[in-house]
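[1] predicted model and sequence below, questions to follow.
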Amino acid sequence: MLILSVTQINTYLSFKFKEDKKLSGVMVRGEISNFTAHRSGHFYFTLKDEQSALKAIMFRSSASRLKFMPEDGMKVILMGNISVFERDGVYQIYVTDIVPEGAGAVHIAAEQLKEKLRKEGIFDPDAKRPLPPMPKKIGVVTSGTGAALQDIINVLSRRYPLGELVLFPALVQGEAAPDSIAEALIKASRTDCDSIILARGGGSAEDLSAFNTEKVAYAVFNSSIPVISAVGHETDLTIADMAADLRAPTPSAAAEMVSLSAEQLRGNIAFYEDKLSALIKRNTELMENRLTRLNDRLMRYSPDHRIDTDISVSEGLSKAMTAAFKETLLKKEKELLGLSEKIEALSPVRVLERGYSLVYRNGIPVTKGSELLAGDLIEIRMSDKTITAVVGNMEEK
């Protein structure tokens with residue numbers, strides 16, 4: 001009996017698989033599981049149905065052409081060749097293409113991109129910026145020969161001739177369109193435009209595919225100037241619409257959103273006139289009140305005010321001093337009067353009036369007889385006259 005090695009068996013089986021034309025270019029339906037996107041760019045996964053499983057590998061050269069990223073649970077149809085991996089002795093399908101079952105690859109790729117951008121905050125409502133009320137310069141990113149540009153020009157010419165329109169031409173269809181649109185948006189965002197309109201006329205989903213790309217979404221979101229997206233018709237919703245600060249159903253509607261009509265301008269002017277009048281009135285009242293307070297303060301701290309205040313204080317003190325002086329004078333007068341009455345009551349004159357007399361010698365009162373000698377010249381003062389006499393005999397009492 002012939003004895004074969006493991007390698008010989010696996011090589012033989014590999015040859016048999018390759019020889020079988022039914023296993024080349026085969027299409028297999030199933031559900032993806034255990035999906036792995038290796039850093040080398042190859043995809044490894046298992047395709048299964050209710051009863052069986054089949055190993056699958058998709059090399060980088062084929063994987064790079066896919067418009068979507070396979071995921072676990074996704075129902076697909078694989079195209080490829082079934083062969084044996086000789087090293088492990090297992091057979092598997094070498095995938096050349098994957099087609100989602102049900103929804104198309106373009107739709108799935110768009111939904112996956114939306115989810116990715118949503119997680120990164122590209123569609124966050126809080127990141128949306130308001131449009132300037134009266135833009136001076138409006139940038140337009142669109143085809144220079146398309147109907148969308150003519151619609152925008154017609155609306156702005158009629159509604160808002162004050163605004164200046166600046167065209168940033170871009171391809172809006174084809175493989176080069178995403179790069180062209182992104183470059184035009186970046187260029188427009190570096191100018192002094194107040195707002196940017198990203199526009200394209202209607203078309204099929206394939207025609208609008210450039211506006212469902214990651215590159216355009218980032219260019220819209222990262223613009224330093226508010227962006228209005230007006231791509232396709234009202235029923236068309238692209239990723240660029242979701243990333244923009246504002247979405248318009250048509251290019252004409254975008255031109256209306258970014259501009260003001262004559263009636264709106266008149267209304268705005270009237271509004272700002274009223275607001276300005278109220279502001280002027282308020283500021284005038286504030287200035288008048290402030291001037292009044294400053295005048296009062298100036299009066300309080302001016303030299304004239306200080307002098308008047310000091311004079312008033314001085315006059316008050318003078319009046320108080322005069323009153324106090326008068327009161328003191330009256331009090332002293334009363335005291336003096338009382339003392340005068342007491343003195344007068346004790347006055348020698350009063351004594352003389354009662355019949356007594358006073359004796360003086362050399363102008364000095366004599367109170368005792370022992371102070372006199374015979375022959376002394378004395379004065380005897382009575383109540384009405386003074387008598388001069390000579391002391392004669394003196395007798396003891």
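    Structure's in. What do you need?
[2] just give me the longest helix of this structure.
    As assigned by DSSP state H, the longest helix anywhere in the chain is helix 303-346.
[3] tell me if I'm right that residue 250 and residue 236 touch.
    No. Using CB atoms under 8 Å, residue 250 is not in contact with residue 236, being 9.8 Å away. In short, each C-beta sits where N, CA and C put it, glycine included.
[4] those two - which one has more neighbours?
    Neighbours per residue (other CB atoms under 10 Å) separate residue 250 from residue 236, with residue 250 holding more: 21 against 18.
[5] quick one: name whatever helix or strand follows the lowest-mean-pLDDT helix or strand in the chain.
    Lowest mean confidence among the helices and strands of the chain (mean pLDDT, DSSP states H and E): helix 348-353, at a mean of 66. Proceeding N to C from helix 348-353, the next assigned helix or strand is strand 358-361, under DSSP states H and E.
[6] buried residues in that next one?
    Neighbour-count burial for strand 358-361 flags 358-359 (criterion: 16 or more other CB atoms under 10 Å).
[7] just stretch 195-207 next, same as before
    195-202, 207.
[8] let me know the average pLDDT across that stretch.
    On average, the pLDDT along stretch 195-207 is 86.
[9] ditto for stretch 285-296
    Stretch 285-296 comes out at a mean pLDDT of 87.
[10] go on, stretch 41-53?
    92.
[11] contact partners of that stretch?
    28-38, 54-60, 63-64, 70, 76, 78, 93, 95 (CB atoms under 8 Å, 6 or more residues apart in numbering).
[12] if we use 10 Å, what do you get?
    The contact list for stretch 41-53 (CB atoms under 10 Å, 6 or more residues apart in numbering) reads 28-38, 54-64, 66, 69-72, 74-78, 92-93, 95, 98.
[13] that one: which residues count as buried?
    43, 45-47.
[14] from the buried residues of stretch 195-207, which is closest to residue 320?
    residue 195 (80.3 Å; CB to CB).
[15] and that closest one, how far is that from residue 132?
    For residue 195, the distance to residue 132 (CB to CB, to the nearest Å) stands at 6 Å.
[16] please apply the same query to residue 330.
    90 Å.
[17] more crowded one of these two?
    residue 132 (15 against 10).
[18] ramachandran coordinates for the more buried one?
    With angles defined as degrees, to the nearest 10, residue 132 sits at phi -70, psi 140.
[19] for it, give its distance to residue 192.
    Taking CB to CB, one finds residue 132 at 12 Å from residue 192.
[20] who touches both of the two?
    Between them, residue 132 and residue 192 share the contacting residues residue 225, judged by CB under 10 Å, 6+ apart.
[21] OK, contacts around residue 220?
    Residue 220 touches 122, 141, 181-182, 185, 189, 196, 198, 211, 227, 229, 239-245, counting by CB under 10 Å, 6+ apart.
[22] how does it look with 6 Å?
    By CB atoms under 6 Å, 6 or more residues apart in numbering, the contact set of residue 220 is 227, 240, 243-244.
[23] which of those residues fall within strands?
    residue 227 (DSSP state E).
[24] go through the contacts of residue 220 and name the one nearest residue 158.
    Nearest member of the contacts of residue 220 to residue 158, counting by CB to CB, is residue 227, at 23.1 Å.
[25] so where's the stretch 151-300 of the chain shaky on pLDDT?
    Low-confidence segments of the stretch 151-300 of the chain, defined by pLDDT under 70: 262.
[26] for residue 82, which residues are in contact?
    Residue 82 sits in contact with 23, 26, 93, where contact means CB under 6 Å, 6+ apart.
[27] got a list of what the first one touches?
    To tie it back to what came earlier, the one meant is residue 23. 17, 82.
[28] again, but for the last one
    Contacts here follow CB under 6 Å, 6+ apart; on that basis residue 93 touches 54, 56, 80, 82.
[29] nearest to residue 171, of the buried residues of stretch 195-207?
    Using CB to CB, these come closest to residue 171 at residue 200, 10.3 Å.
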